[in-house]
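**Student:** Next one to model:
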Amino acid sequence: MRFLISCSFLVLSLTISAQTWNPAKGCIVDASGECLQNTILTALPFLRINPDTRSGGLGDAGVALTTDPNAMHHNAARLAWAENNMGISATYSPWLRNLGIDDIYLLYLSGYYKIDKFQTAGLAVRYFSLGKIDFRDENGNDIGTGQPNEFEIAAAYSRKLSDVFSASLSAKFAYSNLATGKTVGAYDITSAKTFGADLGFLYRNKLGASGRRNYLNVGLAITNIGSKVTYIKGLVKDFIPTNLALGAAYEMNFDDYNSLTTTLEINKLLIPSPRKPGDPLYDVDNNKIADYREKSLFEGIFGSLNDAPGGGKEELQELMYSVGMEYWYDKQFAVRLGYFHENALKGNRKYMTLGCGVKYNVFGLNLSYLVPTTNNRSPLANTIRFSISYDFDGGTSSKQGAE
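**Tutor:** Numbers count the residues shown, from 1 in each chain. Okay, here's the model as predicted:
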């Protein structure tokens, strides 16, 4: 089951019934007029799993938060504002436990080093284990077992460009081994590998009557800009999850003991919108491969802003929203609350998140918990993230959590 889920993007399911956009219903409908999901699928989806416990309690919002080592995942431009000389974090998250699977997990190690008051370097390693899987051929015969796994290593350079603005550039390498050495029909399966890059920007300025207690952060990041990949040589390659994130966070420091940060973030995958068989633009060249899958990297990225079958209305459906609040007492105890929303026709992930954190001197601990808000059984239900962190010159940093 897990193998089929992981490799589903390799198989293109065809139907003979016409499927078109219905303006009145605001969705793609089949021949009977029923709405169909038109979810954007990518290769290497593990690159978009949020490994950040602090953000995990804030509805997965993280592009505009204050500095912590896990900024490497969201927006490395945050690292330029580090107050400590160095910080590291380790996160562990069991994955898909609501499906009764107990051996899938995500590990994430991240850290930063402040070169000087303008420059900061970051490094992160992500490892995703899909557990032990029994493989079978198309006739149901046992063909052995395997332990699929994926990993990513990323390095970032972040710099302040002014008193209120910073930018970052990250380079990364991603590797995915789902069923290397196995065969599907006449095709041999190999590992998928790609190089990629992230771009990040952050605006941070003081606000409020005194100009000293409140801060506004505005962040923008484009992540996972990388070449397309395939698990079967010679076949069409698939896009990795290039993503655009735009968000803001407002930090209110009421006094020396109490502070509250609110954050809002919008995400959009910069991936071509799928088209269904029966759509006149599905396979114009009649080569039996959907044209949206054959687009080049940058054609897909730039075209993704205006290529949905339903036009602007469907483009808006592809936006994902995160909101969150984080309260700190005495810079030592934190509680977090968040919400994540995705359109029902684009994946239908809707959930609340809860989190808490404690920071003592140079050490920090954080925990987050996910609660779905839909009636459908969600594989993400009860997702827990746990992290520990260490600041190498503790006592000088502000409310950065245990991340």
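**Student:** What's the end-to-end length of stretch 366-379?
**Tutor:** 23 Å (CA to CA, to the nearest Å).
**Student:** ok, now stretch 47-54?
**Tutor:** For stretch 47-54, the first-to-last residue distance is 18 Å (CA to CA).
**Student:** mean confidence score for it?
**Tutor:** When pLDDT is averaged along stretch 47-54, the result is 96.
**Student:** Tell me the buried residues in that stretch?
**Tutor:** For stretch 47-54, the buried set under the neighbour-count rule, 16 or more other CB atoms under 10 Å, comprises 47, 48, 49, 50, 51, 52, 53, 54. Bear in mind the C-beta positions are built from the backbone N, C-alpha and C, glycine included.
**Student:** Repeat that for stretch 68-86.
**Tutor:** Result for stretch 68-86 [16+ other CB under 10 Å]: buried residues 68-82, 84, 86.
**Student:** and what of stretch 339-349?
**Tutor:** Applying a neighbour-count criterion of 16+ other CB under 10 Å, one finds 339, 340, 341, 342, 343, 345, 346, 347, 349 buried in stretch 339-349.
**Student:** In which helix or strand does the third one reside?
**Tutor:** Which is residue 341. strand 333-342 (DSSP states H and E).
**Student:** same for that strand, what does it pack against?
**Tutor:** Strand 333-342 sits against strand 320-329, strand 350-360, with contacts defined as 3 or more CB pairs under 8 Å, 6 or more residues apart in numbering; DSSP states H and E.
**Student:** Sheet partners, orientation included, of the longest one?
**Tutor:** Here strand 350-360 is paired, per DSSP bridges, with strand 333-342 (antiparallel), strand 363-372 (antiparallel).
**Student:** Save those as a markdown table, and put in mean pLDDT too.
**Tutor:** Shown next, in a markdown table, are those (pLDDT from 0 to 100):
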| stretch | mean pLDDT |
| --- | --- |
| strand 333-342 | 97 |
| strand 363-372 | 95 |
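**Student:** Out of the ones you listed, flag the one nearest residue 325.
**Tutor:** strand 333-342 (5.2 Å; CB to CB).
**Student:** okay, the angle between that closest one and strand 320-329?
**Tutor:** Angular relation of strand 333-342 and strand 320-329 on a 0 to 180 degree scale: 170 degrees, by axes from the mean of the first three to the mean of the last three CA atoms, to 10 degrees.
**Student:** got a list of contacts for strand 333-342?
**Tutor:** 54, 57-61, 320-328, 348-359, 366, 368, 373, 399, 401 (CB atoms under 8 Å, 6 or more residues apart in numbering).
**Student:** Kindly recompute the last result at 6 Å.
**Tutor:** The set of residues external to strand 333-342 that reach it, using CB atoms under 6 Å, 6 or more residues apart in numbering, is 57-60, 320-328, 349-353, 355-358, 401.
**Student:** Phi first, then psi, for residue 303.
**Tutor:** Per-residue torsions, residue 303: phi -70, psi -20 (degrees, to the nearest 10).
**Student:** same deal with residue 57?
**Tutor:** phi -90, psi 0.
**Student:** what sits against it?
**Tutor:** Contacts of residue 57 by CB under 6 Å, 6+ apart are 336, 353, 355, 368.
**Student:** how much space between the nearest residue to it once chain neighbours are set aside and residue 365?
**Tutor:** Leaving aside its chain neighbours, residue 57 sits nearest to residue 355 (1.8 Å; criterion: CB to CB, 6 or more residues apart in numbering). As for residue 355, its distance to residue 365 is 11 Å (criterion: CB to CB, to the nearest Å).
**Student:** ok, now which ones touch residue 46?
**Tutor:** By CB under 6 Å, 6+ apart, the contact set of residue 46 is 128, 150.
**Student:** would you say it is within a helix?
**Tutor:** Yes: membership of residue 46 in a helix is supported by DSSP: H, G, I helix; E, B strand; the rest coil.
**Student:** Filter the buried residues of stretch 47-54 down to the ones in helices?
**Tutor:** 53, 54 (DSSP state H).
**Student:** ok, so of the buried residues of stretch 47-54, who is nearest residue 154?
**Tutor:** Distance to residue 154 across these (CB to CB) is lowest for residue 47, with 9.8 Å.
**Student:** so that closest one makes contact with residue 224?
**Tutor:** Yes: at 5.2 Å, residue 47 counts as touching residue 224 under the criterion of CB atoms under 6 Å.
**Student:** Please identify which helix or strand holds residue 169.
**Tutor:** With secondary structure defined by DSSP H and E, residue 169 is part of strand 165-177.
**Student:** let me fix that: residue 268
**Tutor:** Counting by DSSP H and E, the element that carries residue 268 is strand 258-269.
**Student:** for the stretch 301-403 of the chain, which spans come out with low pLDDT?
**Tutor:** Where the stretch 301-403 of the chain drops to pLDDT under 70, the residues are 394-403.
**Student:** now the chain
**Tutor:** In the chain, residues with pLDDT under 70: 1-36, 209-212, 394-403.
**Student:** still on that earlier bit, who's in contact with the strand holding residue 169?
**Tutor:** Under the contact criterion CB under 6 Å, 6+ apart, strand 165-177 has outside partners 44, 76-77, 80, 149-158, 160-161, 191-198, 200-203.
**Student:** Good, we can wrap up now.
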